[in-house]
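> Sharing a sequence plus its predicted fold:
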Amino acid sequence: MISAKKEMLIVPLLFAFITFIIIMIFCLATGYSILIAMLAGLIAFTIAGRLNGFFYENLKEMALKGIKESFIVLEIMFLIGFLTAVWRSSGTITFFVYYGVSIITPGLFILISFLLCCILSYILGTSFGVAGTLGVILMVLARSGNVNEAITAGAIISGIYFGDRGSPVSSSAILIASITKTNIYDNVKLMFKTAGIPLVLVTIVYAVLSVLNPLKTVDTNISEALQTDFNLSLWAILPAVFMLILPLLKINIVWVFITSIFSGFLITITLQDMSVLDTLKCCIIGYHSQNDNLAFILNGGGAVSMLSVCGVVLLSSAYSGIFKGTNMLNVIQDSLTLLISKIGLFGSMLICSTLVTCVFCNQTIASMMSRDLLEKPYEIAGGSPSELAIDIENSSIVLCGLIPWAISCSVPLQMLGVGYQALPFAFLLYIIPFYYIFTKKLFFFN
């Protein structure tokens, strides 16, 4: 194989990135799947490698090597698809939503909305899943109760990204642990430490806003429909109990998912009277409620729902393999190493991850690109894999929820039925990186 030379890689690399960006913008603007842009980008980067002397056979081997490293992530992604389906069919999500809504105090509505979203997103490990279920119901209550919609939506977005960022069963947390070769449970501990003070501050802010914006009336129609369609026995929360307790015992995350899925499967059959065949079908294509009033809240999940995400992971992993095998990113990494010497590791991560997110509009791509671009500069500067993982969590993951055209922001806003005016009230997403950049060396990484 011909060795990579920096001076030969600049033009082909620019060609590949520009091609990728143009097609990504086209796909986002026209509604086509971003997988088209990802595939086009892979072709462009492969051509860039060939133009610099690497044979197609070698480039294919590099891509396949990158893909092989993603298999554990793909396995967990499909398990998440099964999990989100059986948690719907077994009544687990319904149980938390129903009893969560029932404890709402009008004078603390915004605060309770935030805390409920934090708890459920931590248990589920998903932002979209919580926004599309509990978040939708909370927005219905806010509108019927004459509460400021933008503030409520901001509190919900803060809450859903608390779990999306810091849960041991979050797909983004699992992905980052995998690509940085770190332990998911160690990462979760650090994420709690770095988010502790921001969480307290945000809770106080939402408490004050709750008092200033009380819920004036309560719409009980959705709660009644949830209770009618599901058996809300305590058995319904068993899958969630497994998901909370088993990680504390340091059980392998794959077995945590399997245990929760299996218990949800049994509860669906026995408690909710769904046939084995229908439950299996639910695991594959997702849950579909027979009640039209609940369909827009509960429908979804299943292995099929994860196909697009898995496609992004596969293609991004292929990119990573080519980037590593050809040293294609050396020119950019040299510049980032210089930037790190001036503003530090996390400051450089913030700039890099923000630019990557603005361009590629996808949390998964942003995380993997941030790793690819900064892994070597971090190593040169003495940063550990654990530091790289937490820095990505405190930048790429939360910032994706604030960039209006990014999928992680636009989709929850669409689900909640609000515009970008809600983003200034998503306080947790601002405060975590702001707090971390000033306290990182004092408390977390010397």
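Nice, thanks for sending it over.

> all contacts plus neighbour counts: C-alpha atoms, from now on.
Noted.

> who does the helix or strand encompassing Phe346 touch, helix- and strand-wise?
Using DSSP states H and E, Phe346 sits in helix 345-360. Counting contacts by 3 or more Cα pairs under 8 Å, 6 or more residues apart in numbering; DSSP states H and E, helix 345-360 is packed against helix 6-30, helix 330-343, helix 363-381, helix 385-392.

> any chance of those helices in TSV, with mean pLDDT, distance to Phe71 and mean neighbour count too?
Shown next, in TSV, are the helices and strands packed on helix 345-360 (pLDDT from 0 to 100; distance: least, Cα to Cα, whole Å; neighbours: other Cα atoms under 10 Å):
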stretch	mean pLDDT	distance to Phe71	mean neighbour count
helix 6-30	78	24	16
helix 330-343	86	26	16
helix 363-381	88	15	21
helix 385-392	93	19	23
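
> Make TSV out of those helices and add distance to Leu246.
Below are the helices and strands packed on helix 345-360 laid out as TSV (distance: least, Cα to Cα, whole Å):
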stretch	distance to Leu246
helix 6-30	39
helix 330-343	39
helix 363-381	26
helix 385-392	23
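
> where does the protein dip in pLDDT?
Scanning the chain for pLDDT under 70 picks out the ranges 1-9, 218-222, 444-446.

> which helix is the longest one in it?
helix 184-212 (DSSP state H).

> Check which helices and strands the next helix or strand along the chain from it sits against.
The helix or strand immediately downstream of helix 184-212 is helix 221-229, counting by DSSP H and E. If contacts are counted by 3+ Cα pairs under 8 Å, 6+ apart, helix 221-229 sits against helix 92-102, helix 292-298.

> Measure how the longest one sits relative to helix 221-229, angle-wise.
Spelled out, that is helix 92-102. 140 degrees (axes from the mean of the first three to the mean of the last three Cα atoms, to 10 degrees).

> next helix or strand past helix 92-102?
helix 109-124.

> List every C-alpha atom in stretch 293-303, with coordinates, as PDB.
Extracted in PDB, the C-alpha atoms of stretch 293-303 (Å, rounded to 0.1, in the frame of the first residue of the first chain):
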ATOM      1  CA  ASN A 293     -56.800   9.100  20.300                       C
ATOM      2  CA  LEU A 294     -53.700   7.300  21.500                       C
ATOM      3  CA  ALA A 295     -52.100   6.400  18.200                       C
ATOM      4  CA  PHE A 296     -50.300   9.700  17.700                       C
ATOM      5  CA  ILE A 297     -48.700   9.300  21.200                       C
ATOM      6  CA  LEU A 298     -47.900   5.600  21.500                       C
ATOM      7  CA  ASN A 299     -47.400   4.300  18.000                       C
ATOM      8  CA  GLY A 300     -43.700   3.500  17.100                       C
ATOM      9  CA  GLY A 301     -40.700   1.500  18.100                       C
ATOM     10  CA  GLY A 302     -39.600  -1.800  16.700                       C
ATOM     11  CA  ALA A 303     -36.500  -3.000  14.900                       C
END
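
> List the buried residues in that stretch.
For stretch 293-303, burial by neighbour count (16 or more other Cα atoms under 10 Å) applies to Leu294, Ile297, Leu298, Asn299, Gly300, Gly301, Gly302, Ala303.
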